[in-house]
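1. this one's sequence-less:
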């Protein structure tokens, strides 16, 4: 049996770094999702196994809390493991450490995944896959010192701050708008001037529904007590009246020293 | 002395693939630029050596011609070498092959790079760096069976088809709009329906000037005889009247079988 923890090395590629020469949060999110995918696949419950059974993993929550972002050219490891499994959800955690010096921890992540049937889009019993083999890999004791993903509560008072079109490059292999693109679009609501003085301490994303090519995405922003900002994304789909919620994000910043 | 050819392995990560489960051209472009950066750096004439000397490489032309795009999860090698060096320009070529089967060639690339002084933005003599050591690495005979990068000639009759804002995530470590983003924005002028029936055979990009955060980018499109499409990108900078050309692209498509 493979280790409960999977370790995957990545590099903060120069074109994946922002003007401050630190990895973009969106690209870090992509690396976490890749690590999750590789970890599940190598252990027999990834997409390669699930897709022929008309099942797939769906990302429901993602939270990332960083002490520091990897610098340009830094090699870092994403460690990932399953903290717990229930019938309809798994909790998967992440730790991001320097590849050369495990004592240097960049940050942590937490995620919640559902399994659905790709024909009916209805939830599937995770514990029914391979007689619940996934349970063997649960490591409930490994520390992940960050709060669980937030539901991202928002009031109806949030203000529409931007509406964007979706294009070819926003669409993923499943025909949906790529989960990481929402993160990029939300973080693009803040300007380079803002990022000159502030860095992202924590990001929470609650994925609510899928959006598709041709949908317009509307961004509603609401400042929170304590200086964080919540953003609700809704979609306006062609030929459909009104808007439907797609996801909610919460961004906590910290001032740069 | 290191080999003249540098070989770098990449994977067509799932979130870097389009709805047809093939690597996005923009991400392939990013991999080529990474390979160029690693190749130069390992041989002593990369950014690590140049930046302290107030010099940098600037991409002037990029052309990519693909028989096929790597499929989701495919591991492929980007081979890169210098075809020729002149005082102010180097010609660097690429070959993209399957990492498991070198006989499977996905395609080729060609690029032209200038060296500039980062203070004056004026051209620097490439052959003056380390007494022209780069010349030792020139491999003029290695085949690259594709036409040289096009200047991308366009008439004044091109039509304005889109104007977009630039955001935080468009800006690279040099404070400029990322070279790969232009590719993505140009390819986003075509819809998912178009890509369902057509795939990109060849892309030429002629980089003319840099654009910056806050610039608006205007896309002017012109259909060419033979079915290719040329796109001129101009920038409208805050407080500056008129538009300035930033780059020109030519996209050649082929029908999917």
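-> Thanks, I have it. Note that the structure is predicted; figures quoted are calculated from it, not measured.
2. what ranges does the stretch 101-250 of chain A have for its helices?
-> A:179-187, A:192-197 (DSSP state H, counting those that start in this stretch).
3. what about the first one, distance to the chain center?
-> Its chain's C-alpha centre lies 9 Å from the corresponding centre of helix A:179-187 when counted by CA atoms, centre = their mean, to the nearest Å.
4. about what we covered before: so of the helices of the stretch 101-250 of chain A, which one's packed in deepest?
-> Each of the helices of the stretch 101-250 of chain A was scored by mean neighbour count; the highest is helix A:179-187, a mean of 23, by mean count of other CB atoms under 10 Å in any protein chain shown. In this view, the C-beta of every residue, glycine as well, is placed from N, C-alpha and C.
5. the bottom helix or strand of chain A by mean pLDDT?
-> Using mean pLDDT, DSSP states H and E, helix A:47-50 stands out as the lowest-scoring helix or strand of chain A, at a mean of 90.
6. now the element after it, going C-ward?
-> Next along the chain after helix A:47-50, taking DSSP states H and E as the criterion, comes strand A:55-66.
7. paired strands for that following strand, with orientation please.
-> Looking at strand A:55-66 with DSSP bridges, its partner strands are strand A:105-117 (antiparallel), strand A:198-207 (antiparallel).
8. what comes up buried for the least confident helix or strand of chain A?
-> Neighbour-count burial for helix A:47-50, counted by 16 or more other CB atoms under 10 Å in any protein chain shown, picks out A:47, A:50.
9. other SSEs contacting that helix?
-> helix A:25-42, strand A:55-66 (3 or more CB pairs under 8 Å, 6 or more residues apart in numbering or on different chains; DSSP states H and E).
10. from the contact counts, what lies against the helix or strand immediately after the shortest one in the chain?
-> The reference is to strand A:55-66. Going down the chain from strand A:55-66, the next helix or strand is strand A:75-85, by DSSP H and E. Applying 3+ CB pairs under 8 Å, 6+ apart, one finds that strand A:75-85 makes contact with strand A:6-11, helix A:25-42, strand A:89-98.
11. if we ignore the residues flanking it in sequence, what's nearest residue A:34?
-> residue B:13 (5.6 Å; CB to CB, 6 or more residues apart in numbering or on different chains).
12. residues contacting the one you found?
-> Contacts of residue B:13 were listed using CB atoms under 8 Å, 6 or more residues apart in numbering or on different chains, and they are A:30, A:34, B:27.
13. if you set the cut-off to 10 Å instead, what comes out?
-> A:30, A:31, A:33, A:34, A:37, A:38, B:23, B:27, B:72, B:73 (CB atoms under 10 Å, 6 or more residues apart in numbering or on different chains).
14. now do residue A:217
-> A:162-166, A:170, A:177, A:181-182, A:185, A:211, A:233-236, A:243, A:246-247.
15. out of those, which sit inside strands?
-> A:162, A:163, A:164, A:165, A:233, A:234, A:235, A:236, A:246, A:247 (DSSP state E).
16. do you know the pLDDT at the closest residue to the first one other than its chain neighbours?
-> What that stands for is residue A:162. In space, and not counting its chain neighbours, residue A:162 is closest to residue A:219: 4.5 Å by CB to CB, 6+ apart. pLDDT recorded at residue A:219 is 98.
17. what's around residue A:219, how many residues?
-> 21 (other CB atoms under 10 Å in any protein chain shown).
18. return the distance of it relative to chain B.
-> 12 Å (CB to the nearest CB, to the nearest Å).
19. isn't that residue up against residue A:184?
-> No - using CB atoms under 10 Å, residue A:219 is not in contact with residue A:184, being 11.9 Å away.
20. contacts only, for the residue nearest the centre of chain A.
-> Nearest to the geometric centre of chain A sits residue A:62, at 4.1 Å (CA atoms, centre = their mean). Residue A:62 makes contact with A:29, A:32-33, A:36, A:92, A:94, A:109-113, A:149, A:179-180, A:182-183, A:203-207, A:247, A:249 under the criterion CB under 10 Å, 6+ apart.
21. hey, what's it bridged with?
-> Beta-bridge partners, per DSSP bridges, of residue A:62: residue A:111, residue A:205.
22. quick one: residue A:206 and residue A:148 touch, right?
-> No - using CB under 10 Å, residue A:206 is not in contact with residue A:148; the gap is 11.8 Å.
23. hang on, the earlier thing: just the helices and strands packed on helix A:47-50: most buried one?
-> helix A:25-42 (a mean of 22).
24. quick one: distance of it to the chain centre.
-> 9 Å.
25. enumerate the residues of the stretch 101-250 of chain A near chain B.
-> A:162, A:164-176, A:178-181, A:183-185, A:187-195, A:212-214 (CB under 10 Å from any CB of the partner chain).
26. give me the below-cutoff pLDDT ranges for the stretch 101-250 of chain A.
-> Nowhere does the stretch 101-250 of chain A drop to pLDDT under 70.
27. ok, residue A:206 and residue A:148, which is more surrounded?
-> Between residue A:206 and residue A:148, residue A:206 has the larger neighbour count (other CB under 10 Å), namely 20 against 13.
28. related to what we said a few turns ago, how near is the residue nearest to the centre of chain A to chain B?
-> Residue A:62 is 13 Å from chain B, where distance means CB to the nearest CB.
29. give me the pLDDT for that residue.
-> Residue A:62 carries a pLDDT value of 98.
30. let me see the contact set for the closest residue in space to residue A:195 that isn't next to it in sequence.
-> Leaving aside its chain neighbours, residue A:195 sits nearest to residue B:168 (6.1 Å; criterion: CB to CB, 6+ apart). With contact taken as CB under 10 Å, 6+ apart, residue B:168 is in contact with A:18-19, A:24, A:184, A:187-195, B:213.
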